[in-house]
Every structure is written in structure tokens, then in C-alpha cells.
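Enquirer: Fold the following and give me the result.
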Amino acid sequence: MSAKTDSDLSSQSSEIETFSKLLGESISNLSEYKEYEQSRAEVKNDSEAQELINEFEKQRQLFIIKRASGEATKDDLEKISDSQEKLNNLPIMVHFLATQEKLSTRLKEVNEHISESLSLDFGDQIGGCGCS
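Expert: Numbering: from 1, shown residues only. Next up, the predicted model:
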């Protein structure tokens with residue numbers, strides 16, 4: 001009887017893997033996902049955006065180091081904010097962030113559909129211990 005149970009579990013696992021792959025493929029075919037991927041590629045290929053991203057990352061890393069050593073100042077934080085604001089105001093980044101938000105909203109909807117069947121928040125469960 002144990003062999004049948006093991007076989008049933010194996011079959012269920014295989015079914016879940018199959019449906020997971022189908023879900024991934026379906027998500028990759030969503031217009032929101034395609035738009036996001038296109039805008040992400042545009043950002044990667046835009047020299048001005050990449051320059052601003054690099055500058056923001058340098059400022060952020062410097063702040064983290066200074067904060068860890070107790071040397072961070074309000075001026076350091078303002079430099080990060082200014083750098084991020086410049087980056088986020090770049091038209092190509094405005095478009096990228098909008099497509100990212102649309103995709104995130106759509107994936108939250110997918111999560112809600114999965115969660116309904118499970119009577120729990122699936123997204124929270126995969127990201128944490130699920131103890132609460």
C-alpha cells in the first residue's frame with residue numbers, strides 16, 4: 001500500500017510541476033510581462049539611464065558604509081534622494097517603473113487566485129515562515 005501512496009505523491013508532484021511550468025509560460029505571455037521586459041531592455045540599453053543608475057548605486061553603497069560606521073549624515077541621505085529623484089524622473093525610467101507596477105499588480109491578482117484555493121496568502125507563505 002505504501003508503494004501506491006508513494007506513486008500517488010509522485011504523480012501529484014509531477015502534476016504540480018507541470019502546472020507551475022504552464023503558469024510560468026502563461027505569465028511570460030501576459031502583455032504586462034512583455035511590456036515590462038521591453039522597457040527593462042530599453043533601460044539597460046540607455047546610456048543616460050545606466051549612468052544615473054550607477055551614480056545612485058555608488059551613493060547608496062557609500063551611505064551604507066557610512067551608516068555602518070556611524071558617519072552618515074543628513075547630507076549623505078539627501079545625496080541619495082537627489083540621485084534617486086534624477087533617475088526616477090528620467091522618461092525612460094518613468095515608463096519602466098509604470099510597467100513594473102502594472103506587472104506587480106497583475107501578479108498580485110494571480111497570487112489572490114492561487115490563495116483562494118489554498119485558504120492562505122500564497123505569496124506570503126513562499127516568502128516567510130507562515131507562522132503568523
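Enquirer: and residue 52, how many neighbours does it have?
Expert: A count of nearby residues for residue 52, using other Cβ atoms under 10 Å, gives 20. All C-beta atoms are positioned from the backbone trio N, CA, C, and that covers glycine.
Enquirer: what's the helix or strand for it?
Expert: Element membership of residue 52 [criterion: DSSP states H and E] is helix 47-68.
Enquirer: Check which helices and strands that helix is in contact with.
Expert: helix 31-44, helix 74-89, helix 91-118 (3 or more Cβ pairs under 8 Å, 6 or more residues apart in numbering; DSSP states H and E).
Enquirer: Just the buried residues of it, please?
Expert: Buried positions in helix 47-68, judged by neighbour count with 16 or more other Cβ atoms under 10 Å: 49, 52-53, 55-56, 59, 63.
Enquirer: can I get the helices and strands packed on helix 47-68 in TSV with mean pLDDT and distance to residue 16?
Expert: TSV is the format used below for the helices and strands packed on helix 47-68 (pLDDT from 0 to 100; distance: least, Cβ to Cβ, whole Å):
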stretch	mean pLDDT	distance to residue 16
helix 31-44	98	22
helix 74-89	94	39
helix 91-118	93	12
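Enquirer: a markdown table please, covering the buried residues of helix 47-68 and showing pLDDT.
Expert: Compiled in a markdown table, these are given as follows (pLDDT from 0 to 100):
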| residue | pLDDT |
| --- | --- |
| 49 | 97 |
| 52 | 97 |
| 53 | 97 |
| 55 | 95 |
| 56 | 96 |
| 59 | 93 |
| 63 | 94 |
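Enquirer: List just the nearest of those residues to residue 33.
Expert: residue 49 (20.5 Å; Cβ to Cβ).
Enquirer: Now for the closest residue in space to residue 48 that isn't next to it in sequence: which residues touch it?
Expert: Counting by Cβ to Cβ, 6 or more residues apart in numbering, residue 90 is the residue found nearest to residue 48 once chain neighbours are left out, at 6.6 Å. Under the criterion of Cβ atoms under 8 Å, 6 or more residues apart in numbering, the neighbours of residue 90 are 48-49, 52.
Enquirer: With residue 77 as the reference, measure out to residue 90.
Expert: The gap separating residue 90 from residue 77 is 21 Å, by Cβ to Cβ, to the nearest Å.
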